[in-house]
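# Please find the sequence and the predicted model below.
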Amino acid sequence: MTLTTAQPQDEAGEDAATTFEGEIREFVRRDFTSLKRTDAGSGEFAASNIRSLVQRVAGTSLQEIDSLIGELQNLRDYIANEGERVQREITGYAQLNHAALTSTRIISDSMSKWKDALDEAKSA
């Protein structure tokens, strides 16, 4: 299942719900039409068909839920891994920044000593 849509979430959710409801209605109509054509006096047969219908609808829903749970777990793992990677990158940049500041201070101190020495040479 992909999570990319061009529609706002409310519209996409309503469209998906409407489509899903329509599919269930059509599914039930087909099964009950076949029930009407069979022996109407056989209550056990009708109950068995209804039980079968409910199991098929519930089974499909449960499979979808299991699939979504699996996708969400994969996304959770991905986000956790990306968070750890970003933390490592930030730590690396912080260390690099510290090294750059230290180098800049050393260079600045050396330049100020040279300037002081040059100023003393000019005044002497």
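All right, it came through fine.

# what's the longest helix in the protein?
If you go by DSSP state H, the chain has its longest helix at helix 43-123.

# other SSEs contacting that one?
Taking 3 or more CB pairs under 8 Å, 6 or more residues apart in numbering; DSSP states H and E as contact, the helices and strands that helix 43-123 lies on are helix 9-37. Using the backbone N, CA and C atoms, a C-beta is placed for each residue, glycine as well.

# pLDDT on the helix it packs on, on average?
The average pLDDT within helix 9-37 is 69.

# hang on, the earlier thing: and the longest helix of the chain, how far from the chain's centre?
Put simply, helix 43-123 sits 13 Å off its chain's centre (CA atoms, centre = their mean, to the nearest Å).

# what residue lies at the spatial centre of the protein?
For the chain, the residue nearest the mean C-alpha position is L75 (4.6 Å; CA atoms, centre = their mean).

# Looking at that one now. What's its pLDDT?
Taking L75 on its own, its pLDDT is 97.

# With G41 instead?
53.

# again, but for A46
So, for A46, pLDDT stands at 68.

# same question, the one 3 residues further on
Here the pLDDT value assigned to N49 is 77.

# just the one 5 residues further on next, same as before
Turning to V54, the model gives it a pLDDT of 77.

# How about the one 5 residues further on?
Each residue has a pLDDT score; the one for G59 is 76.

# For burial, what's the neighbour tally of it?
Counted with other CB atoms under 10 Å, the neighbours of G59 add up to 10.

# ditto for S103
S103 has 10 neighbours, counted by other CB under 10 Å.

# Check the gap between it and L96 for me.
11 Å (CB to CB, to the nearest Å).

# Same question for K115.
Distance from K115 to L96, by CB to CB: 28 Å.

# ok, now M111?
From M111 to L96 the distance is 22 Å (CB to CB).

# same deal with S108?
18 Å.

# before we move on, what about I79?
Relative to L96, and taking CB to CB, I79 is found at 26 Å.
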